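Asks: how would this look folded up:
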Amino acid sequence: MKTEIRKTIATDVAAITEFVRKTGFFRDSEIDIAAEVLNDAVSGRDDSYRSYSCLSGSEVIGWVCFGHTPCTVSTYDIYWIAVSPSAQRGGIGSGLLSFAESAIAGKGGYLTVIETSGADMYIPTQQFYMSNGYKLEATIRDFYDINDHKLVFTKRLDSEGSTWICG
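Replies: Numbering: from 1, shown residues only. The predicted structure follows:
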């Protein structure tokens, strides 16, 4: 599958919001936040979000959003990474993650941070991060809910970042 990564544009928002919903991993309130972040990023209202879409032809099949962590020198948060259920398990997520890491390293970023749930349904997500070189750095117990811990994964980047392809 031939793909490309480009900055997210306004016409991508509906497709991204829809596949974020279809993944089945996010509560309605989280989907609302994803849509808010998307709209802020494409409108230019909040330049702290860097939002990129992965396309197959004209279809948006993946999304990554990251930004500099406030009050740090060279730490970046990867806020969102999502792939359309129809395109999962094809390397799109790893391509988007690698793209974000390269962009972060290009801006002088050294440390990337990703947060996710510790609930059992997120085990594949946790494994995805670890298979892409992330280490579990911290666990905050009962963060999202009772017995739903927040897991904080980190990765230290070299000065050249990583190479990337989408898919």
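Asks: Determine the three-state secondary structure at Ile16.
Replies: At Ile16 the chain is in helix, as set by DSSP: H, G, I helix; E, B strand; the rest coil.
Asks: Report the separation between the residue located most distally from the centre of the chain and Asp12.
Replies: Most distant residue from the mean C-alpha position of the chain: Ile146, 24.8 Å away (CA atoms, centre = their mean). Distance, Ile146 to Asp12, by CB to CB, to the nearest Å: 36 Å. For every residue, glycine as well, the C-beta is placed using N, CA and C.
Asks: Quick one: distance of the helix or strand hosting Phe143 to the chain centre.
Replies: Taking DSSP states H and E as the definition, Phe143 sits inside strand 135-145. With CA atoms, centre = their mean, to the nearest Å as the basis, strand 135-145 stands 18 Å off its chain's centre.
Asks: Report all helices and strands that it contacts.
Replies: Judged by 3 or more CB pairs under 8 Å, 6 or more residues apart in numbering; DSSP states H and E, strand 135-145 is in contact with strand 148-156.
Asks: List the strands paired with the strand it packs on, with their directions.
Replies: With DSSP bridges as the test, strand 148-156 is paired with strand 111-117 (antiparallel), strand 135-145 (antiparallel).
Asks: winner for burial among those strands?
Replies: strand 111-117 (a mean of 20; mean count of other CB atoms under 10 Å).
Asks: so Met130 sits in a helix?
Replies: Yes - according to three-state DSSP, Met130 belongs to a helix.
Asks: What residues does it make contact with?
Replies: 136, 153 (CB atoms under 8 Å, 6 or more residues apart in numbering).
Asks: How much space separates it from Gly62?
Replies: 20 Å.
Asks: three-state assignment of Ile81?
Replies: Following three-state DSSP, Ile81 is assigned to strand.
Asks: Could you report the pLDDT at the nearest residue to it once chain neighbours are set aside?
Replies: Among residues not flanking Ile81 along the chain, Val64 sits closest, at 4.8 Å (CB to CB, 6 or more residues apart in numbering). Here, the pLDDT recorded for Val64 equals 97.
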